[in-house]
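>>> From the sequence below, what's the structure:
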Amino acid sequence: MRLIFIDNQPKDLILVQQGSLGNFSDLHIDLCDIKDRCLPNYCEHGGKCSQSWTTFYCDCSEMGYMGATCHNSIYERSCEAYRHKGKTSGYFHIDSDGSGPLGPFQVYCNITADKIWTAVQHNNTKLTRVHGADPEKPYAMYFNYSSSMEQIEGMINGAEYCEQEVAYHCKKSRLLNTPNGMPYVWWVGRANEKHPYWGGSLPGVQQCACGLEESCLDLRYFCNCDADREEWTNDTGLLSFKDHLPLTQLVITDTNRSNSEAAWRIGPLRCHGDRQFWNAASFNTEASYLHFPTFHAEFSADVSFFFKTTAVTGVFLENLGIKDFIRIEISSPKEITFSIDVGNGPMEATVQSPMPLNDNQWHYVRAERNLKQTSLQVDNLPKKILQAPAEGHFRLQLNSQFFVGGTASRQRGFLGCIRSLHLNGQKLDLEERAKMTPGVKPGCPGHCSSYGNLCHNGGKCVEKFNGYFCDCTSSPYEGPFCKEEVSAVFEAGTSVTYIFQEPYPVTKNASTSSSGIYADAVMPKENIAFSFLTARAPSLLLYVDTYSHDYLAVILSKNGSLQVRYKLSKDSFLVFTIDSGNLANRELHHVKINREGKELIIQVDQVLKLKHNLSEIDFKAIKSLTLGKVSDSLRLDSEVLKANSYGFIGCLSSVQYNHIAPLKAALRHPSIAPVTVKGSLTESSCGYIAEADVNTVTTVYSSSDPFGKSDEREPLTNAIRSDSAVIGGVIAVVIFIIFCIVAIMSRFLYQHKQTHRSSQAKEKEYPENLDSSFKTDIDLQNTVSECKREYFI
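Okay, here's the model as predicted:
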């Protein structure tokens, strides 16, 4: 406040300060001590600053960042990181430098069993024709991507491999070969440099893929299009030199001659692998460490990494200044401590875990310091936050080398592994530095001890140098985490028969088998699991027979209830009926049957339906397992015989018998698995059939394809109706010609025929009051026909 008047008389504040006028307390006189706490703005990544008398606040909403100063990205750095969290294919935002200056952007993560692909789209991926281009009037197309070039460059630099497919379709339009050496077609990369080579070739080699493979149409040239023929051909290949990607401009100059035409297609940028996520180093002695340049982070600093150890204590990292320092360490088996001093005295943030952290499994640590607070996060434990003092020093000034795995004094070093180390979004290459440092080794084995639980449904975690993968060989599921069902539609008469190997003693080690598809033929127990969908009862779902003519049959009885039937000798039967209502209700049901020794357990839709103690079953020397209709029905009892009369009409999914996945073997390994398929077996999703309206289903889309692929073929039922209409029309014409001399008779016959055809067409439609169960039965059979999609001509 200034210029204070009371009763229009000015008051001299200096006199107040001197004590000769009035009195005062807690005032600064003759100066203005207000601080603008939003200048400079310490809110990062575009955060909006607001302030009170004592502090400032940051609004991070809609920025893609969080924290007291909007420092932390809310997104993962790569598709590999999303996969590590158990995500499946889909669109995600990634932030390749985390808390760094590059912002997040959207990509498509195609998470497969062997690779995790990251795709970035541009504005034109369609096949585009080109006419009338020559060197004087070249055709040029510019490509805009869904992110900035800096963001794409960050993604490419962090990937192990990148590619972009380029295709040039030509008819009398040359590609690279010219008399003066200049290409007819060239492209521009991200550095705005012109490149005269095509997909499948190498930088500096002015050729196409067929030139390197010596397979071009005319061996005098290095591209198919350079043969200059008046017929359509193409040169298609992959650009994979990362420093040149992505393609930003395409120029074409040879489509202006007679009969000259071309078309091009440029695919999305695709990358796989995260060079940093599994980048690790192993510290074998307490005196060993890695050192890097000084960590410069005066106002804002964050450090993140994974570690695993069996040691009780040890320093993960340390950086010193004259007085300032930062240090992160495991201070006890259950404690991680982040220590920091910016000149106001040391502060320590400690996170305590209820379980030991030195359990030789990967644990995540993230420490952050900014002008408002210091925080420490360990795994998913509650974050420890310390508020920064309102006044005092606030610049973190460090000048020593940045030590990883130890300290400058070579005391209290860390024994174990550290990976994926980031400082303020920047990646530190631990493996490369470890190659030249004694006592430290690049890489770190043993990922499955931490991430093996991501492999589901019997999938096995397999170690890799830079990660792990889920082996789904013995699982009825597939996909990166063995969670994707393998299912198929069965028609009347369809059967899948898996032939077991010749029986041998039960003590033989099944692991010595040459493939996970094969397994021991002598089964002291049954572990059966499958899902099914049908509207037909009775039905035979699964049948297992032995060399001694015993069998196990799982059927739906006439009323739709589930039955498990054992035939153990000529006249000995065990029948277990599960009263779960009518299961032939066109809904997906899950069945589990487990027998070991004398105990039999049956579950339907995850509900225990039967637990029975029985005399020990001598069910050995398994011969074969059949899904659907059984061909050899001589030894079947009457109930199984009734169910087998139609076999199975519907959908079976994720079938497993002990370590055998017969349906998966038939669909994925038909050439090497001992499996025989009879009739029509069409791969399809049971879940999709259960959810879809069968009257409109003609196309099945893959869940892993973000765009989908259409199939314009008509269903089988439509083909039959079409044939009926054609035949009826021909008959009508013939009758009309024969009786044309009798006009009245011809007219009568024509009207009668049309009425008959109309009634036939109406019979194909469902009346509103049709019995629902009968309609359901017809619908399911129509679905099977639609999945088959055959034509009758």
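
>>> Distance of Ile328 relative to Gly439?
Separation of Ile328 from Gly439 (C-beta to C-beta, to the nearest Å): 20 Å. Just so you know, the C-beta spots here come from the backbone N, C-alpha and C atoms, and that holds for glycine as well.

>>> Pick out whichever of these two has more residues nearby.
It is Ile328, of Ile328 and Gly439, that has more neighbours when counted by other C-beta atoms under 10 Å, with 23 against 17.

>>> in a helix, that's where Leu600 is, yeah?
No. The assignment for Leu600, made by DSSP: H, G, I helix; E, B strand; the rest coil, is strand rather than a helix.

>>> all strands of the stretch 201-350 of the chain, in order?
233-239, 249-252, 261-266, 269-272, 280-283, 290-292, 301-308, 314-320, 325-332, 335-341, 347-352 (DSSP state E, counting those that start in this stretch).

>>> With respect to burial, which of these scores highest?
Of all these, strand 280-283 has the most neighbours on average by mean count of other C-beta atoms under 10 Å, namely a mean of 26.

>>> which residues of the protein score low on pLDDT?
Residues of the chain that meet the criterion pLDDT under 70 lie in 179-180, 502-524, 570-571, 616-619, 690-793.

>>> residue ranges of the helices in it, please?
13-18, 79-84, 149-158, 209-213, 430-434, 448-451, 638-644, 662-668, 686-691, 716-738, 743-763, 772-788 (DSSP state H).

>>> which ones are touching the nearest residue to Leu636 once chain neighbours are set aside?
In space, and not counting its chain neighbours, Leu636 is closest to Asn644: 6.1 Å by C-beta to C-beta, 6 or more residues apart in numbering. Going by C-beta atoms under 8 Å, 6 or more residues apart in numbering, Asn644 touches 540, 543, 629-630, 633, 636.

>>> Surely Gln397 and Leu320 touch.
No. With contact defined as C-beta atoms under 8 Å, Gln397 and Leu320 do not form a contacting pair (10.4 Å).

>>> Quick check: can you list the domain ranges of this protein?
1-27, 34-74, 119-272, 280-442, 445-483, 486-506+517-691, 716-788 (automatic domain parsing).

>>> and the fifth one, which residues are buried?
Right, the one you point to is domain 445-483. 447-451, 454-455, 457-461, 466-483 (16 or more other C-beta atoms under 10 Å).

>>> Kindly list the main-chain dihedrals of the closest residue to Val16 other than its chain neighbours?
Leaving aside its chain neighbours, Val16 sits nearest to Gly22 (5.1 Å; criterion: C-beta to C-beta, 6+ apart). Phi and psi for Gly22, reported as degrees, to the nearest 10, are phi 60, psi -160.

>>> Just give me the neighbour total for Gly22.
By other C-beta under 10 Å, neighbour count at Gly22 equals 9.

>>> now do Asp26
So Asp26, with other C-beta under 10 Å, has 4 neighbours.

>>> How much space separates it from Ile4?
For Asp26, the distance to Ile4 - C-beta to C-beta - is 17 Å.

>>> just checking, Ser400 touches Gly321?
Yes. At 7.1 Å, Ser400 counts as touching Gly321 under the criterion of C-beta under 8 Å.

>>> So for these two, which residues contact both of them?
Counting by C-beta under 8 Å, 6+ apart, nothing touches both Ser400 and Gly321.

>>> Strands along the stretch 401-550 of the chain, start to end?
402-404, 416-423, 426-427, 440-442, 460-464, 467-471, 477-478, 484-485, 487-490, 495-499, 525-534, 539-546.

>>> Of these, which stretch is the most buried?
The most buried one of the strands of the stretch 401-550 of the chain (mean count of other C-beta under 10 Å) is strand 487-490, showing a mean of 26.

>>> quick one: strands adjacent to that strand?
Paired strands of strand 487-490, with direction, are strand 650-657 (antiparallel), strand 681-683 (antiparallel) (DSSP bridges).

>>> Can you give me the buried ones in stretch 99-117?
Buried-residue list, stretch 99-117, by 16+ other C-beta under 10 Å: 99-100, 102-105, 107-111, 113, 115-117.

>>> what about that stretch, how long is it end to end?
Start-to-end span of stretch 99-117 (C-alpha to C-alpha, to the nearest Å) is 23 Å.

>>> How far off centre is it?
Relative to its parent chain, stretch 99-117 has a centroid offset of 10 Å by C-alpha atoms, centre = their mean, to the nearest Å.

>>> for stretch 203-221, same thing?
36 Å.

>>> got it, and stretch 639-657?
33 Å.

>>> And the nearest residue to Ala159 once chain neighbours are set aside, how close does it get to Val378?
Once flanking residues are discounted, Ala159 sits nearest to Cys271: 3.7 Å by C-beta to C-beta, 6+ apart. Noted for Cys271: a distance of 31 Å to Val378, by C-beta to C-beta.

>>> now do Leu290
Distance from Leu290 to Val378, by C-beta to C-beta: 22 Å.

>>> Same question for Trp186.
The separation that Trp186 has from Val378, given C-beta to C-beta, amounts to 53 Å.

>>> between these two, which one's more packed in?
Val378 (23 against 20).

>>> one step back: looking at the strands of the stretch 201-350 of the chain, spot the one closest to Gly67.
Closest approach to Gly67 among the strands of the stretch 201-350 of the chain (C-beta to C-beta): strand 301-308, 8.8 Å.

>>> And the contacts of the closest one?
Applying C-beta under 8 Å, 6+ apart, the set of residues contacting strand 301-308 is 71-72, 98-99, 295, 316-317, 326, 328, 330, 360-370, 396, 414, 416-425, 444, 446, 450.

>>> partner strands of it, parallel or antiparallel?
For strand 301-308, pairing defined by DSSP bridges yields strand 363-369 (antiparallel), strand 416-423 (antiparallel).

>>> Output those strands in a markdown table; the columns should cover distance to Glu587.
Listed next are the strands paired with strand 301-308 as a markdown table, based on distance: least, C-beta to C-beta, whole Å:
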| stretch | distance to Glu587 |
| --- | --- |
| strand 363-369 | 42 |
| strand 416-423 | 45 |
